[in-house]
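**Student:** Next comes the sequence, and after it the predicted model I'd like to discuss.
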Amino acid sequence: MRLARLFDRRDPRNGGARLTHVAVAAIAIALTAAAARADTLEQVRARGVLVWGADAQGGAPFEYPDPEDPARLIGFEVELADALAAQLGVSARMQQGAWDKLLELLARGDFDVALSGIEATPDKQSVCLLSQPYYVSPERLTVRRGDANAPRTLAALRGRRAGTLPGSAAERILRAAGAEVATYEGGQDDVYRDLRLGRTDAVLLDETITAYFGAVDPALEVLPESFGVVRYAIAIRRGDADLQGSVDTALGALARSGQLRAIYERWGIWNAETAALLGDDDPVPRGPALAWDAWRAQVGFQPPFWVRATTQYPKFTRIFAAAAGLTVVVSALAMALAVALGALLAGARAFAPRPLAALAVGYVELFRGTPLLVQLIVIYFGLPELGVTLSPFVAGVLALGLNYAATESENYRAGLASVPASQLDAARVLGLARAQALRFVVLPQAVRISLPPMTNDFIALLKDSSLISVVTLTELTKTYSMLANATHDHLGLGAVVAAWYLVVGLPFVFLARRLERRLGEGHRGVAR
């Protein structure tokens, strides 16, 4: 049919997978081959829910928190997922995932399909199945309005700094044109903000995004020319051909019934390219873009901070509280693991035979000398290759705990080393056994010395817990990023999330100081 024929055509401007795509391909293929899965379509129908993966941090119009009700996701792909699930006779549930990790999460089995502006390109076909395209978007170039030196052609972009999203067709077009490419992980709003501030000379992105972030800004100008096209498709795990066929059938039914057109018109993204894709002879929208109008009303004008603080921010309390609760639980469990394992490592280095001490040293240097993010990715995405598949929560706690255990080990070792050896000898002379001398003489002093850096490590761990968003957990920082991109309010919400981190961190600081005072009774130092 027409959708399939269009999908098979390759735009040379979108070709040429980068090395990162090859790496993703290798990981995803390995994960898919690691375990045989039951038929996903049967699982979806049995549970009555189609779980679809997406990244709500990107913002409008795909999927994003409703500024009026942040606990509710809205967007044209949210409506598309609901309509698709209805065609399959089930309901839809969105699962958050980092956009550049969606295909790896899909291969791992975290959701049934991925639906988040995924471009139908050959490199993605190599790691997953793709549905027939459901939308076509031209690539639009945005420049500063009134800038006489603004690049207005691909040739003019050579050597100029241009912004876009990582891993996108727009990035490949810019690199092929010789531009200095700046990519943004934080979200679509950040790309256009840097253009407005003069940090970049142009932005190349899908018209879908440009309509919501570039065309609405009076300081920016969107050029009418198309610099390429991208087709969005739904990603499905390799081997799930039955689900792919059902998804294609459902998309065809939605196109024939006019439901897809209605969704796109409501969000103000109906265009001639998509009309041709769906076999519709009328490229002109028939109805008002109600969702687009609502979005402009919600984020187009930002009232003063004190007004937002009293009227808008209270609406975010529940979602921030839930994210803060997850952050605290993950951090507390990870710290408990770090303390226990760190104590064992410190004890092994101080008192164990040389081979065990050497293993402890190797552990500390390995985990202290490699990035936490790498360790998290290996645990979550790499271990399934060995047949060990952990839940996102367990993987997050384990990665943070194993990493911080190395730091805690060094804190405790320093505390033990600070106690003079003569005190241990004196305790033995007084008749205490070695274990008793360590328990009653050495350890209390070592703990008192180790407590301040341990407290500092916990605060650092609280902040490092933001990395668990890579494994689909939505903690405080991820929640802030999603809401800030949805509302165009980075500064005010930044102050709010900073206050939340203080609220969850300060009680532990006060508890640690109380323990310091209790353990330090009788010890007077220069600083208190």
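**Tutor:** Everything's here; your move.

**Student:** And the helices in the stretch 351-500 of the chain?
**Tutor:** For the stretch 351-500 of the chain, the helices defined by DSSP state H, counting those that start in this stretch cover 354-369, 372-377, 392-418, 421-429, 434-437, 443-464, 476-487, 490-519.

**Student:** ok, and which of those has the densest surroundings?
**Tutor:** Most buried of the helices of the stretch 351-500 of the chain, by mean neighbour count (mean count of other CB atoms under 10 Å): helix 476-487, with a mean of 24. From N, CA and C alone the C-beta is placed, and that goes for glycine too.

**Student:** got the CA coordinates for that one in PDB?
**Tutor:** Output of helix 476-487 as PDB, limited to C-alpha atoms (Å, rounded to 0.1, in the frame of the first residue of the first chain):
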ATOM      1  CA  LEU A 476      13.500  14.800  40.800                       C
ATOM      2  CA  THR A 477      15.900  16.100  38.100                       C
ATOM      3  CA  LYS A 478      14.000  14.300  35.300                       C
ATOM      4  CA  THR A 479      10.700  15.600  36.600                       C
ATOM      5  CA  TYR A 480      12.100  19.100  36.600                       C
ATOM      6  CA  SER A 481      13.400  18.700  33.000                       C
ATOM      7  CA  MET A 482      10.000  17.500  31.800                       C
ATOM      8  CA  LEU A 483       8.000  20.200  33.500                       C
ATOM      9  CA  ALA A 484      10.500  23.000  32.500                       C
ATOM     10  CA  ASN A 485      10.300  22.000  28.800                       C
ATOM     11  CA  ALA A 486       6.500  21.700  29.000                       C
ATOM     12  CA  THR A 487       6.100  25.200  30.600                       C
END
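
**Student:** So what's the gap between that helix and the chain middle?
**Tutor:** The chain centroid and the centroid of helix 476-487 are separated by 11 Å under CA atoms, centre = their mean, to the nearest Å.

**Student:** again, but for stretch 64-76
**Tutor:** Distance, stretch centre to chain centre, for stretch 64-76: 17 Å (CA atoms, centre = their mean).

**Student:** Could I get the buried residue list for it?
**Tutor:** Using 16 or more other CB atoms under 10 Å as the test for burial, stretch 64-76 gives 64-67, 70, 73-76.

**Student:** Ok, stretch 269-286 next?
**Tutor:** Applying 16+ other CB under 10 Å to stretch 269-286 flags 269-271, 273-275, 277-278, 280, 285 as buried.

**Student:** ok, which pair from those is furthest apart?
**Tutor:** 277 and 285 (15.6 Å; CB to CB).

**Student:** coming back round to it: narrow the buried residues of stretch 269-286 to those in helices?
**Tutor:** Taking DSSP state H, the ones among the buried residues of stretch 269-286 that sit in helices are 273-275, 277-278.

**Student:** I'd like these laid out as TSV, including distance to residue 100.
**Tutor:** Formatted as TSV, these follow (distance: CB to CB, whole Å):
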residue	distance to residue 100
273	25
274	25
275	31
277	26
278	29
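
**Student:** Out of those, flag the one nearest to residue 50.
**Tutor:** Lowest distance from residue 50 to those (CB to CB) belongs to residue 278, with 21.8 Å.

**Student:** pLDDT score for the closest one?
**Tutor:** As predicted, residue 278 sits at a pLDDT of 94.

**Student:** Low-confidence stretches in the protein?
**Tutor:** 1-38, 186, 300-301, 422, 424, 434, 439-440, 442, 516, 519-528 (pLDDT under 70).

**Student:** which residues does residue 476 contact?
**Tutor:** Going by CB atoms under 8 Å, 6 or more residues apart in numbering, residue 476 touches 320, 323-324, 327, 465-466, 497, 500-501, 504.

**Student:** again, only using 10 Å
**Tutor:** If a contact means CB atoms under 10 Å, 6 or more residues apart in numbering, then residue 476 has 320, 322-328, 462-463, 465-466, 469, 497-498, 500-501, 504 as its contacts.

**Student:** circling back: let's have the buried residues of stretch 269-286 in a markdown table, adding distance to residue 411.
**Tutor:** Output for the buried residues of stretch 269-286, formatted as a markdown table (distance: CB to CB, whole Å):
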| residue | distance to residue 411 |
| --- | --- |
| 269 | 54 |
| 270 | 60 |
| 271 | 59 |
| 273 | 59 |
| 274 | 58 |
| 275 | 64 |
| 277 | 60 |
| 278 | 62 |
| 280 | 66 |
| 285 | 63 |
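
**Student:** which one of the residues you listed is nearest residue 445?
**Tutor:** Residue 445 lies nearest to residue 269 out of the buried residues of stretch 269-286, by CB to CB, at 66.7 Å.

**Student:** And the helices in the stretch 201-350 of the chain?
**Tutor:** Applying DSSP H, counting those that start in this stretch to the stretch 201-350 of the chain gives helices spanning 207-213, 241-257, 259-266, 272-278, 290-299, 305-311, 317-351.

**Student:** Buried deepest among these, which one?
**Tutor:** Of the helices of the stretch 201-350 of the chain, the one with the most neighbours on average (mean count of other CB under 10 Å) is helix 207-213, at a mean of 24.

**Student:** burial count for residue 93?
**Tutor:** Neighbours of residue 93 under the rule other CB atoms under 10 Å: 14.

**Student:** and if you look at the one 4 residues further on?
**Tutor:** Residues within reach of residue 97, counting by other CB under 10 Å, total 28.

**Student:** Make sure it is actually in contact with residue 55.
**Tutor:** Yes - counting by CB atoms under 10 Å, residue 55 is a contact partner of residue 97 at 6.0 Å.

**Student:** Find the residues that touch each one of these two.
**Tutor:** 114, 116, 469, 472.

**Student:** Among these, give me the pair with the biggest separation.
**Tutor:** Taking CB to CB, no two of the shared contacts of residue 97 and residue 55 sit farther apart than 114 and 469, at 16.4 Å.

**Student:** Having no further points to raise, I will conclude here.
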